[in-house]
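[1] Task: produce atomic coordinates for the following.
(one chain, ligands or ions: 1)
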Amino acid sequence: MVTAEIIVDVGEIALLEETFGQLIDSEQMRITPTTFEACLTGIVRPKRMIEGLFRAFDEDADGRIDFKEFVCGLSTLCRGPDGARLRCNRVLWGPITQ
Ligand SMILES: [Ca+2]
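    Numbers count the residues shown, from 1 in each chain. Prediction:
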């Protein structure tokens, strides 16, 4: 749902892998909603915004964030083209404004 376009430097991949490795559930090898929320609580408000961000990252809507989704989500939010950021905003804010 965010985008398949990845805009990261090759040197950043190792840092992203390390960060992803610290966040994943060791059995599922994915970031769970609980961990995602724990990382952003106190930084992103309201809580519904965190849920929207999770939906924006969780491209296949399986309830977990895999490495590709993690990198694509961060890439889109931080460096994505305007269209991709707007699509992300629609996913993010959709349930709040409906
Ligand atoms: Ca997913």
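[2] Would you check that F70 makes contact with F57?
    Yes - between F70 and F57 there is a contact under C-beta atoms under 8 Å: 6.7 Å. (C-beta placed from N, C-alpha, C; glycine too.)
[3] Looking at those two, which one has more neighbours?
    For F70 and F57, the more surrounded residue by other C-beta atoms under 10 Å is F57, and the numbers stand at 25 against 21.
[4] list the contacts for that one?
    F57 is in contact with V2, F36, I65, E69, F70, C72, G73, counting by C-beta atoms under 8 Å, 6 or more residues apart in numbering.
[5] C39 and the ion, how far apart?
    16 Å (C-beta to the ion, to the nearest Å).
[6] how deep is that residue tucked in, by neighbour count?
    Each residue near C39 was counted by other C-beta under 10 Å, and the total is 15.
[7] Who's the closest spatial neighbour of it, skipping the chain neighbours?
    L23 (6.7 Å; C-beta to C-beta, 6 or more residues apart in numbering).
[8] Could you list the low-pLDDT ranges of the chain?
    Filtered on pLDDT under 70, the chain yields the residue ranges 1-6, 80, 85, 88-98.
[9] which residues are there in it that come within reach of the ion?
    Selection of the chain residues close to the ion by C-beta under 5 Å from the ion yields D58, D60, D62.
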